[in-house]
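Asker: structure, please.
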Amino acid sequence: MKKTDYKDMWVYIEHDGQTAADVGLELLCEVRKLCDTTGDRLFAVILGNLPETETGKIINCGADGIIRVKGTGYGYFNTDAWSNAFTVLCRKYNPSAVFVGGTINGRDFAPRFAVQLNTGCTSDAMELGYDPETGDIRFIEPAVGGKIMAVITVPELRPQIATIRPGTFKYAPCGARGEISVIEEEISFDPGAVRCRRLDYFPDESDPELDIANADCIVCVGNGLKDQEHLERYRTLAKLLGGKIGCTRPLYERGILPYKLQIGQSGVMVKTKLYISFGVSGAVNHTAGVDADVFVAVDKNPDAQIFNFCDYGIVGDMDEICDEMIAQLRARKGQ
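Answerer: Residues are numbered from 1 along each chain as shown. Sure thing, here's the model as predicted:
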């Protein structure tokens, strides 16, 4: 088949049986805009049972249709049944592109079914573009340690498969588009052929302080931090601002803060009202993960790359400036 014989774009809707994961809805909103450019239809793909109330969210994101897959093998997530289902579906309907949320599960099965279809799988794109001359999607993402932005295309093979990290795109429903096509598919996978089995399940009892994706204010500390002892002042500042603390990858690698507080392409994508960074160099793979109404950067190096991204830049010693901010806030609060 020629690549022009492949039509329509699909978004996988990950869910827990009750609620659709945010990343699937975010992807629907973004891919809707891409489909408006290419002329493709947008389909949401659901494996297993999902309440009708959640279907309404999908339709409101501008989906032209829904593909529901039922059968054996979907009692709990497993790569074997999931990759088989998408392999069967893609061979039957020949979509031009398939988008999967870059969650633990998505990163697991998307490359697997890509291999089975003899095509490629792009990961962690920050922007999506389209080349009208070739009909290829342009996946744009940081490369070489964030020093450049690479443009990746799949010039020959189809479908074009990609995993996109949660929070990369905004959830901005465009509204229903009229009559929706609903395709029901029966694709069973022998549970005995699943190569992993669930021994037990415990809900994630996460610390709310580690949930920073949508905090109203984030104080981010970078590799400029001298040591663990100097961290407390930044926790204090975050508390005074009613926000939470975050970090860049080097602080996680130094064992100062946990991975769930790492902000950027390899960590958490954040959307916040106020973002204050201290001692952050400004590598693209970090700044690409920040969506802030007001971005304030503090660094002693006047040529730091971070000053190309912020709204307000302060050149100086990060500890001294943090202490001054704390003093000013306490004075205002009468503390």
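
Asker: what is the neighbour count of Val315?
Answerer: Val315 is flanked by 14 other residues according to other Cβ atoms under 10 Å. Quick note: C-beta positions are derived from backbone N, CA and C, even for glycine.

Asker: just the one 5 residues further on next, same as before
Answerer: Neighbour count for Glu320, taken as other Cβ under 10 Å: 11.

Asker: what does the pLDDT read for it?
Answerer: pLDDT recorded at Glu320 is 95.

Asker: give the buried residues for the host helix or strand of it.
Answerer: Per DSSP states H and E, Glu320 falls inside helix 318-333. Within helix 318-333, the residues that qualify as buried by neighbour count (16 or more other Cβ atoms under 10 Å) are Met318, Asp319, Ile321, Cys322, Met325, Ile326.

Asker: can I get it in PDB? Just the C-alpha atoms.
Answerer: The C-alpha coordinates for helix 318-333 follow below in PDB (Å, rounded to 0.1, in the frame of the first residue of the first chain):
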ATOM      1  CA  MET A 318      20.100  32.600  44.500                       C
ATOM      2  CA  ASP A 319      20.200  32.100  48.300                       C
ATOM      3  CA  GLU A 320      20.400  35.800  49.000                       C
ATOM      4  CA  ILE A 321      17.500  36.700  46.700                       C
ATOM      5  CA  CYS A 322      15.400  33.900  48.100                       C
ATOM      6  CA  ASP A 323      16.100  35.200  51.600                       C
ATOM      7  CA  GLU A 324      15.100  38.700  50.500                       C
ATOM      8  CA  MET A 325      11.800  37.400  49.000                       C
ATOM      9  CA  ILE A 326      11.000  35.600  52.200                       C
ATOM     10  CA  ALA A 327      11.700  38.700  54.300                       C
ATOM     11  CA  GLN A 328       9.500  40.900  52.000                       C
ATOM     12  CA  LEU A 329       6.600  38.400  52.100                       C
ATOM     13  CA  ARG A 330       6.800  38.000  55.900                       C
ATOM     14  CA  ALA A 331       6.800  41.800  56.300                       C
ATOM     15  CA  ARG A 332       3.700  42.000  54.200                       C
ATOM     16  CA  LYS A 333       2.000  39.300  56.200                       C
END
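
Asker: that's all I had, so thanks and see you.
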